[in-house]
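Q: pasting the sequence and the predicted model now:
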Amino acid sequence: MNTARLRLHGAHTVAMALAALVALIAQSAHGWPLRPVRIVVPQSPGGSTDMMARLLAARLTEGLGQTVVIDNRPGAGSLIGTEVAVRANPDGYTTLVVSSSITINPSLHAKLAFNPLRDLAPITQLSAFPNVLVVHPAVPAKTVQELATLARAKPGQINYGSAGAGTGTHLSAELFKSLAAVDIQHVAYKGGGPSVGALLAGEVQLSFATLPSVLLHIRSGKLRALGVTTTRRSFALPDVPTIAEGGIAGYEHVQWTGFLAPTGTPAPIIARLNTEAVRAVHSAEVKPVLANEGAEPVGNSPQAFAAILKSETERIARVIRQAGIGAVCARQPRGVGPQPTGGDRRKRAGSLADRAMVESALRRGGEHASPTARGPGRRLGIDVSERALSPTARWSSRHLGAEASTR
């Protein structure tokens, strides 16, 4: 009898605790947001993902009535920044804007510390756009076929830059290597901005860059576009053929950006973020900017975005298997790409101090946390210790040229 009463009492206590927890979550969601909201961007400033996040942050700041700040955490093909978001408290104050690399990494990394489909809650797909095969003007090839012929004549001598191992810009190039039967060398950078900068500087000869990140350079003649990665031409570059039209049969790869939060974020907060984000991407302020960059707004429901994430993860896995693309083990080639200097190391030390300043500002109400502000206000950063990362992310941080604790 006593045992039965104890069991009943224990069950009653658990039920009361669960009810209290549900009430607490509902109460916190009802008053949300009471302080600044963070958008983690697992890419460097200047790339298409960062651009989309900043456009979104400005509109969310107006819609939510609280400052929304950008926290750039580049490196390891978006793994470092994504893991920062996954490990964050699911209270609605940390979100993630990421590229389609989130559907690629599970197939390229055998031991991820997280499962994107399980550990992240979809909010909405923000935009969609092609990658574009661009070359430095010094490269003599004027067409896709001419580039393929040149690469076959110089196996292993042509370098391509990407926004990081496991990103969409990496996969686009690997698909090209497989379908065109060429040997071009991969140089992984810490985001789309550095990758494009390296191409402009002639550190690499070509890139399968996101269209928004290179459109102005194409129009100005600083880069030459040979083909887009989608099955139809881009409205922004109507005279540039698709890579399939250029002679690489079966080639297709679409890029996009998406908005997510840690799994466990209260449903009312997800719904509010979805409403504000959908309104933002279709707003009169954002839609023309996207169009000018060759991107199209999407703005779907969390359920529709979840279905896309699942189907794309499965499709990319099949493509990678069929193309024979192996697991990532990308080391930066010696003497190629950005090399750290004493000035870089001093900047790293300074950036840690900047993070402390921003975190302090957030505690005071976020007065330095404007997404458009200069200086430390452009970086948030809650945990800058490499020890907080998983072994996979720490390895990637060291071997893929990714400084997890600097941005």
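A: Looks like it arrived, so ask away. Residues are numbered from 1 along each chain as shown.

Q: backbone dihedrals for the residue nearest to the spatial centre of the chain, please?
A: With distances taken as CA atoms, centre = their mean, the chain has residue 98 as the residue nearest its mean C-alpha position (3.2 Å). In terms of degrees, to the nearest 10, the main-chain angles of residue 98 are phi -140, psi 160.

Q: who's it bridged to?
A: Beta-bridge pairing of residue 98 under DSSP bridges involves residue 258.

Q: ok, it to residue 84 distance?
A: If you measure residue 98 against residue 84 using CB to CB, to the nearest Å, the figure is 11 Å. Every residue, glycine included, has its C-beta placed from N, CA and C.

Q: do the same with residue 222
A: Distance, residue 222 to residue 84, using CB to CB: 34 Å.

Q: ditto for residue 161
A: To residue 84, residue 161 is 24 Å away according to CB to CB.

Q: pick out whichever of these two has more residues nearby.
A: Higher neighbour count among residue 161 and residue 84: residue 161, with 27 against 24, using other CB atoms under 10 Å.

Q: any idea which element that one lies in?
A: strand 159-162 (DSSP states H and E).

Q: re the thing from before, now the common contact residues for residue 98 and residue 84.
A: Residues within reach of residue 98 and of residue 84 at once, by CB atoms under 8 Å, 6 or more residues apart in numbering, are residue 42.

Q: ok, what's across the strand from residue 38?
A: The partner residues for residue 38, given DSSP bridges, come to residue 69, residue 94.

Q: need the pLDDT of it.
A: Residue 38 carries a pLDDT value of 98.

Q: thought it was touching residue 66?
A: No. The pair residue 38 and residue 66 does not pass the contact test of CB atoms under 8 Å, sitting 10.8 Å apart.

Q: joint contacts of the two?
A: By CB under 8 Å, 6+ apart, no residue touches both residue 38 and residue 66.

Q: neighbour count for these two, which is higher?
A: residue 38 (24 against 18).

Q: does the closest residue to residue 159 other than its chain neighbours sit in a helix or strand, and which one?
A: Nearest residue to residue 159 in three dimensions, chain neighbours excluded: residue 204, at 4.3 Å (CB to CB, 6 or more residues apart in numbering). Using DSSP H and E, residue 204 sits within no helix or strand.

Q: how close does residue 204 get to residue 306?
A: Distance check for residue 204 against residue 306: by CB to CB, it reads 36 Å.

Q: now the helices for this structure?
A: According to DSSP state H, the chain carries its helices in the segments 2-31, 48-64, 79-86, 105-108, 116-119, 144-153, 168-180, 192-201, 211-220, 267-281, 287-292, 302-323, 342-363, 391-399.

Q: other SSEs contacting the fifth one?
A: With contacts defined as 3 or more CB pairs under 8 Å, 6 or more residues apart in numbering; DSSP states H and E, the packing partners of helix 116-119 are helix 302-323.

Q: the helix it packs on versus helix 267-281: what angle between them?
A: For helix 302-323 against helix 267-281, the angle by axes from the mean of the first three to the mean of the last three CA atoms, to 10 degrees is 80 degrees.

Q: buried ones in helix 302-323, by neighbour count?
A: For helix 302-323, a neighbour-count test (16 or more other CB atoms under 10 Å) marks 302, 305-306, 308-309, 312-313, 316, 319-320 as buried.

Q: in CSV, could you pull the C-alpha coordinates for it?
A: In CSV, the C-alpha atoms belonging to helix 302-323 read as follows (Å, rounded to 0.1, in the frame of the first residue of the first chain):
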residue,chain,number,x,y,z
PRO,A,302,8.0,25.9,-41.2
GLN,A,303,6.4,22.6,-42.4
ALA,A,304,7.2,23.3,-46.0
PHE,A,305,10.8,24.2,-45.2
ALA,A,306,11.2,21.1,-43.1
ALA,A,307,10.0,19.0,-46.1
ILE,A,308,12.6,20.7,-48.3
LEU,A,309,15.4,20.1,-45.8
LYS,A,310,14.6,16.4,-45.6
SER,A,311,14.2,15.9,-49.3
GLU,A,312,17.3,17.9,-50.2
THR,A,313,19.4,16.1,-47.6
GLU,A,314,18.4,12.8,-49.1
ARG,A,315,18.8,14.0,-52.8
ILE,A,316,22.3,15.4,-52.1
ALA,A,317,23.3,12.2,-50.4
ARG,A,318,22.3,10.3,-53.6
VAL,A,319,24.2,12.8,-55.8
ILE,A,320,27.3,12.6,-53.7
ARG,A,321,27.3,8.7,-53.8
GLN,A,322,26.6,8.6,-57.6
ALA,A,323,29.3,11.2,-58.2
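
Q: run the chain-centre distance for stretch 139-153.
A: Distance of stretch 139-153 from the chain centroid (CA atoms, centre = their mean, to the nearest Å) equals 30 Å.

Q: what's the average pLDDT for it?
A: Averaging pLDDT along stretch 139-153 yields 98.

Q: for stretch 115-134, same thing?
A: So the average pLDDT for stretch 115-134 ends up being 97.

Q: buried sites along it?
A: Across stretch 115-134, burial judged by 16+ other CB under 10 Å covers 116-117, 119-134.

Q: what sits opposite the closest residue to residue 137 other than its chain neighbours in the beta ladder?
A: In this structure, residue 137 finds its nearest non-sequential neighbour in residue 224, 6.0 Å apart by CB to CB, 6+ apart. Residue 224 has the following beta-bridge partners by DSSP bridges: residue 135.

Q: next one: residue 224 from residue 162, what distance?
A: Note on residue 224: its distance to residue 162, by CB to CB, is 18 Å.

Q: check residue 183 and give its pLDDT.
A: You'll see residue 183 listed with a pLDDT of 95.

Q: begin at 25, not 1, for the rest of this chat.
A: Fine by me, first position is 25 from now on; the one you just mentioned is residue 207.

Q: surely it and residue 175 touch.
A: Yes. The pair residue 207 / residue 175 is scored as a contact, 6.9 Å apart, by CB under 8 Å.

Q: those two: who's more crowded?
A: residue 175 (23 against 12).

Q: tell me the contacts of the more buried one?
A: Residues near residue 175 by CB under 8 Å, 6+ apart: 182, 204, 206-208.

Q: which one is it nearest to, not counting chain neighbours?
A: Excluding its sequence neighbours, the residue lying closest to residue 175 (CB to CB, 6+ apart) is residue 206, at 3.8 Å.
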